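Student: When you get a sec, could you give me coordinates for this:
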Amino acid sequence: MSWELVKDKFNPRAFHRNAVHEVKWIAEHVRWDDYAVLDVGCMDSGLLDLLPSLSSGTITGIDIRGQNPMDIRHPSFKPATFSAIIFLSTIEHIGLDCYGNKELSTHGDADALTVAGKLLGPGGRILVTMPWDDVGVGGTRNSVLWERRYNYAAAMELVAFSELDLVEYLEDRRNEIICMELT
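Tutor: You can find the predicted model right below:
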């Protein structure tokens, strides 16, 4: 639908510094007729408050933290459940030693996209935003790899591993983000 529907509800303090650009891109790609939308990493995304204005469908959020933790790599959902799956600044952390990850993996991002692809129904899409870096190196916090960063080559390697199709690729170097739509 449209950023215009949610921009007044958007609280920039609930997000990281570049989030307005990512949320705007997500808002422009969620469709009103999406019958079921999954927000992966919902505790920090802030999208659960915005998505009802963008989609008439069921909105579900999962996170590895909280009262009912769920890792996207091991979902309790049946295949073909969702018409849209959103990874807003989440994919780069999956499998790394952060946010209480219990299953560490150097390819957690690729595994997450592969599983998400199986959760898509006919005509479904995966919307991904992630940090851009011209070298594609990871960020550390207290000497621990906290997030992956992607350049074009790393993003395309991730897409190839997941066996999903790339519909749209946006590289916003000024705001250090990549946005992708996958099917």
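Student: Just confirm S162 contacts T114, I think it does.
Tutor: Yes: S162 lies in contact with T114 (C-beta atoms under 8 Å); the separation is 4.7 Å. Glycine gets a C-beta too; all of them are placed from N, C-alpha and C.
Student: Show me which of those two is the more surrounded one.
Tutor: S162 (20 against 16; other C-beta atoms under 10 Å).
Student: contacting residues for that one?
Tutor: Shown in contact with S162 (C-beta atoms under 8 Å, 6 or more residues apart in numbering): 110, 113-114, 116-117, 182.
Student: can you do 7 Å?
Tutor: 110, 113-114, 117 (C-beta atoms under 7 Å, 6 or more residues apart in numbering).
Student: which one of those sits closest to F10?
Tutor: Taking C-beta to C-beta as the measure, F10 lies nearest L113 of the contacts of S162, at 26.0 Å.
Student: Just give the number of residues close to the closest one.
Tutor: 25.
Student: ok, now which ones touch it?
Tutor: 126, 158, 162, 164.
Student: What helix or strand is the second one located in?
Tutor: Mapping L158 onto the secondary structure by DSSP states H and E places it in helix 152-162.
Student: Which positions in that helix come out as buried?
Tutor: Across helix 152-162, burial judged by 16 or more other C-beta atoms under 10 Å covers 154-155, 158-159, 162.
Student: Then stretch 49-57?
Tutor: So for stretch 49-57, counting by 16+ other C-beta under 10 Å, buried means 50-51, 54-55, 57.
Student: Can I get the buried residues of helix 152-162 in TSV including distance to F87 and pLDDT?
Tutor: TSV is the format used below for those (distance: C-beta to C-beta, whole Å; pLDDT from 0 to 100):
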residue	distance to F87	pLDDT
A154	15	93
A155	12	95
L158	11	95
V159	13	96
S162	11	95
